[in-house]
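Novice: This is the structure alone, sequence omitted:
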């Protein structure tokens, strides 16, 4: 791969208590691309994703060995600030999880906790981020209404806007469309491609068409191992591993 | 597309979050907020320890003053001695009649309360439409809100009189009167826990039964009630705990002769309970005397009994929460076995009769019984409130509300008592509210399941089950005497604060738990620290629930007499207190003394009762409204 890697894991292993959930994962995620992680349920794709911004820290029984490098720095370095890591590596979750606040306050939440308090600046960030998430036109007249009044697809785009507002370099998306209908899904997929011009996106998906449509690179995982990682076209047209081919062609899953 | 074009514009850097130093190396600016986060964590931790320390102190001080009597009389004689005569030439301290009195009063109260409560719970959970439910449920909750001294007042004025006349007895102050009052007071506890248990029986069970052609009553009887049986047992045991720990109402109507009824089932015999003994004698005992130590011994016995009862209930409830198996194994299972057996026996006994009846007739019969229990519960509430409102309304004048008492409360007003109650409650809340919230936040947000958190939880449970008179005793021994605060407002405030602390912790914990985990994740994923997440994302939506808990505990504190009786109050004071170290008047205590020690003054009694009732009930009403509002907000 010619492009420079923004995220890189080296021999990453993770245990949940006794369960060995990730086994010797080494992968390089190229900058400003969309990378999809696919594989059957329970193969560890979400776990890998949650490792990348140390959300797994929140689970007491988890234990990690190996390295995850972000711009060349190990994120598990004891001197690293986990909050800065999460600021730079944002995340969008499976189910939209807007805060029970207004639309405006949802987007302004991130900048506010990172010390932005000036109203004018916040206004600007909110507008830019909502535009960035293709939501501005739909909500510009009701910024102060509760975010929970939005539809599911709008809520998910709001979560993306909320994530954009802290200017992350990487955005991790954990099955962001699995709770949405096809039309809302299509909007989010368009949005992902948009966002990837300025950001690196890693998306976990169950939907192979989605991986094929939206991503440049694809990793296939199975039982905690990364079986294959390559250009998406390659994975879908001419996979190197038989296991990958079996999965792609729907022989198991 | 228009949107896409719009999307292209902004990502040229927003230019205001520029912080070139933000990198993931050690020089990052994150050190400061990590420090803040760690300090807040440590702070919350030290506050959370307070519950353990408080329990430790309570136990130490009760034992410190109570163990001597056991040494002097021997544990066997103390527990099984048939005579309690502290004032005689040769004082004798045997607590058996007190224990028997406590258990008898409690048992008869349960016989009365359990059928009424379960009938009401079934009605609320299964039968009532939304309209009637909106009446019956708050009515039961209001019953819980009436202060125990008001129950005692009502009992002394109406109930004992009624018993005396109806059963042609020399005096109505009796076991029966105590049990009836306790039954009324235990009904809300049993009803609400049982209703929760019935409501949590899965819908599918219900539908499964109905789909087989069973009618509503058959479904309730054979599927729903058996499915909720462990929860109902827990409800009954909690009701028992409530009944055993009650002081004022019982003290006012049971006659207080320390005798074992003869014959043992003579419900018209006067009895005396453990709590009543403390309430009556603690005020007059000489500090450090043998009698004084004996009373602390009584408190220890009382604490052990309530602890045993409450932890049994808790075990059952925990089992239910952990496993949703119908019959829980182990300890709790063993504890609920008797109930299951009794229930089965009752069912077997009833079954032959119901088989003769046509199912429709059986249902009609059962539903009328249930309706009857609901009607009696509401009628009791109606009678109590009507009696006090009708007789008290005339007493309420401007002078009564704003004047100072004179002639032992027979004339003048109750202004100092109103203000004193507000002071006491305000102070208690100022202490307990921050402590309670911090403890709950620590328990829910900061810790996994460690031995220390389990210890804190156990301490909170223990505080929760402690009878209010025991708090009063502790406040007296520790704050008034040991710390030398004297009988003062501050001693009363701290004692009340200890009493309401577990309520605040519980309700706060519950509303924090109801905030979905995904919200916290959303915040962490944006780089927020733990404290930022708690403060900005978790606490705001939890606030209505927290406030409801706080308001409920205000209501409880305002109506309590036992904890302040020896720590903070005087009967008559012409002036308002000018500092925390002065004693105050308080409404519940004023009513207690008027009722028990001042003959005549009927208007003042009813007036005081009405003011107290209005004060407490309006506090509860606010809580109900707050809860309803936030329910509605959640639906949106």
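Specialist: Arrived safely. Everything numeric here is computed off the predicted structure, so don't read it as measured data.

Novice: ranges for the strands of the stretch 101-250 of chain A?
Specialist: A:170-174, A:200-204, A:217-222, A:225-231 (DSSP state E, counting those that start in this stretch).

Novice: Lowest-scoring secondary structure element of chain B by mean pLDDT?
Specialist: The weakest-scoring helix or strand in chain B, judged by mean pLDDT, DSSP states H and E, is helix B:2-8 (a mean of 39).

Novice: Which one of the strands of the stretch 101-250 of chain A lies nearest to chain B?
Specialist: Smallest distance to chain B across the strands of the stretch 101-250 of chain A (C-beta to the nearest C-beta): 8.1 Å, for strand A:170-174. For every residue, glycine as well, the C-beta is placed using N, CA and C.

Novice: Name the residues that touch the closest one?
Specialist: For strand A:170-174, contacts defined as C-beta atoms under 8 Å, 6 or more residues apart in numbering or on different chains pick out A:6-7, A:29, A:46, A:49-50, A:52-53, A:70, A:88-94, A:160, A:163-164, A:192, A:195, A:199-204.

Novice: What is the burial count for residue A:140?
Specialist: Residues near residue A:140, counting by other C-beta atoms under 10 Å in any protein chain shown, number 13.

Novice: Next one: it from residue A:130, what distance?
Specialist: Note on residue A:140: its distance to residue A:130, by C-beta to C-beta, to the nearest Å, is 7 Å.

Novice: where does residue A:28 land in three-state SS?
Specialist: What DSSP: H, G, I helix; E, B strand; the rest coil gives for residue A:28 is strand.

Novice: tell me the phi and psi of the closest residue to residue A:89 other than its chain neighbours?
Specialist: Closest residue to residue A:89 apart from its sequence neighbours, by C-beta to C-beta, 6 or more residues apart in numbering or on different chains: residue A:53 at 4.0 Å. Here is the backbone geometry of residue A:53 (degrees, to the nearest 10): phi -120, psi 20.

Novice: Isn't residue A:53 up against residue A:83?
Specialist: No - in this structure residue A:53 lies outside contact range of residue A:83 using C-beta atoms under 8 Å: 10.2 Å.

Novice: who's more crowded, these two?
Specialist: Using other C-beta under 10 Å as the criterion, residue A:53 and residue A:83 rank with residue A:53 on top: 27 against 24.

Novice: What residues sit buried inside stretch A:20-29?
Specialist: A:21, A:22, A:23, A:25, A:27, A:28, A:29 (16 or more other C-beta atoms under 10 Å in any protein chain shown).

Novice: Residues contacting it, please?
Specialist: The contact list for stretch A:20-29 (C-beta under 8 Å, 6+ apart) reads A:1, A:5-15, A:35, A:44, A:47-48, A:51, A:66, A:170, A:200, A:202, A:217, A:219, A:223-226, A:229.

Novice: Can you flag which of those belong to helices?
Specialist: Counting by DSSP state H, the contacts of stretch A:20-29 place A:47, A:48, A:51 in helices.

Novice: Give the closest residue to the first one in space, chain neighbours not counted.
Specialist: Yep, that's residue A:47 we're talking about. Excluding the flanking residues, the one nearest residue A:47 by C-beta to C-beta, 6+ apart is residue A:21, at 5.0 Å.

Novice: What is the burial count for residue B:266?
Specialist: Applying other C-beta under 10 Å, we find 14 residues neighbouring residue B:266.

Novice: in a helix, that's where residue B:614 is, yeah?
Specialist: Yes - under three-state DSSP, residue B:614 falls within a helix.

Novice: Could you check how far it is from chain A?
Specialist: Going from residue B:614 to chain A by C-beta to the nearest C-beta, to the nearest Å gives 35 Å.

Novice: Could you chop chain B up by domain?
Specialist: In the assignment given by automatic domain parsing, the structural domains of chain B cover B:37-61+B:416-602, B:81-261+B:268-324+B:332-379.

Novice: which one of those domains lies closest to chain A?
Specialist: domain B:37-61+B:416-602 (3.1 Å).

Novice: Between its first and last residues, what's the separation in the closest one?
Specialist: For domain B:37-61+B:416-602, the first-to-last residue distance is 59 Å (C-alpha to C-alpha, to the nearest Å).

Novice: sorry, back to before: counting contacts, what elements does the following helix or strand past the least confident helix or strand of chain B pack onto?
Specialist: Counting by DSSP states H and E, the next helix or strand C-terminal to helix B:2-8 is helix B:30-73. With contacts taken as 3 or more C-beta pairs under 8 Å, 6 or more residues apart in numbering or on different chains; DSSP states H and E, helix B:30-73 sits against helix A:82-88, helix B:290-322, helix B:415-441, helix B:451-465, helix B:468-474, helix B:489-513, helix B:530-533.

Novice: a markdown table for these, including distance to residue A:144 and mean pLDDT?
Specialist: Output for the helices and strands packed on helix B:30-73, formatted as a markdown table (distance: least, C-beta to C-beta, whole Å; pLDDT from 0 to 100):
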| stretch | distance to residue A:144 | mean pLDDT |
| --- | --- | --- |
| helix A:82-88 | 26 | 88 |
| helix B:290-322 | 40 | 86 |
| helix B:415-441 | 28 | 93 |
| helix B:451-465 | 40 | 87 |
| helix B:468-474 | 47 | 93 |
| helix B:489-513 | 25 | 92 |
| helix B:530-533 | 22 | 91 |
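
Novice: export those helices to CSV and tack on distance to residue B:158?
Specialist: Converted to CSV, those look like this (distance: least, C-beta to C-beta, whole Å):
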stretch, distance to residue B:158
helix A:82-88, 65
helix B:290-322, 28
helix B:415-441, 23
helix B:451-465, 31
helix B:468-474, 24
helix B:489-513, 29
helix B:530-533, 55
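
Novice: Determine which of the ones you listed approaches residue A:106 most closely.
Specialist: Nearest to residue A:106 among those is helix B:530-533 (14.1 Å), distances taken as C-beta to C-beta.

Novice: The following helix or strand past that closest one vs chain A: in contact?
Specialist: Of the helices and strands lying after helix B:530-533 in sequence (DSSP H and E), the nearest is helix B:539-559. Yes - judged by C-beta under 8 Å from any C-beta of the partner chain, helix B:539-559 and chain A are in contact via B:540, B:541.

Novice: Can you give me the buried ones in helix B:539-559?
Specialist: Of all the residues in helix B:539-559, those buried under the rule 16+ other C-beta under 10 Å are B:539, B:541-542, B:544-559.

Novice: Touching the following helix or strand past it from outside, list them.
Specialist: Counting by DSSP H and E, the next helix or strand C-terminal to helix B:539-559 is helix B:562-565. For helix B:562-565, the external contacting residues (C-beta under 8 Å, 6+ apart) are B:247-248, B:275, B:279, B:282-283, B:424, B:467-469, B:471-472, B:475, B:492, B:495-496, B:499, B:586, B:588-589, B:592.
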